[in-house]
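**Student:** A predicted structure for the sequence below; I have some questions about it.
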Amino acid sequence: MVNKGLEEEVAFLEEANLIFNKMWQVSSPTAYLKFRTFIMGIKGNEDIFPEGVVFRGVEDYGGKP
């Protein structure tokens with residue numbers, strides 16, 4: 001069962017890689033960098049959001065960023 005599960009995982013990852021490779025064939029890495037921040041959030045983008053991002057009207061769940 002473990003081997004079967006691992007084989008399925010490998011098959012999934014191989015398919016995902018094919019899809020990601022296709023994505024890069026039809027998109028521009030330069031354009032991607034323009035909207036990356038909105039996909040990935042503020043982590044690693046402190047130069048753009050030095051104070052972080054505040055969502056007004058959203059209840060604080062008590063977690064840490």
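**Tutor:** Here it is on my side, so go on. Just so it is clear, the structure is predicted and the values come from calculations on it, not from any experiment.
**Student:** how distant is stretch 49-59 from the center of its chain?
**Tutor:** A distance of 20 Å separates the centroid of the chain from that of stretch 49-59, by CA atoms, centre = their mean, to the nearest Å.
**Student:** list the buried residues of it.
**Tutor:** In terms of neighbour count (16 or more other CB atoms under 10 Å), stretch 49-59 has no buried residues at all. All C-beta atoms are positioned from the backbone trio N, CA, C, and that covers glycine.
**Student:** and the helices in this structure?
**Tutor:** All helices of the chain, identified by DSSP state H, fall at 2-25, 29-40.
**Student:** can you find the helix or strand in the protein with the smallest mean pLDDT?
**Tutor:** helix 29-40 (a mean of 66; mean pLDDT, DSSP states H and E).
**Student:** follow-up on the earlier one: dump the helices of the chain to TSV, plus distance to P50.
**Tutor:** Formatted as TSV, the helices of the chain follow (distance: least, CB to CB, whole Å):
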stretch	distance to P50
helix 2-25	31
helix 29-40	13
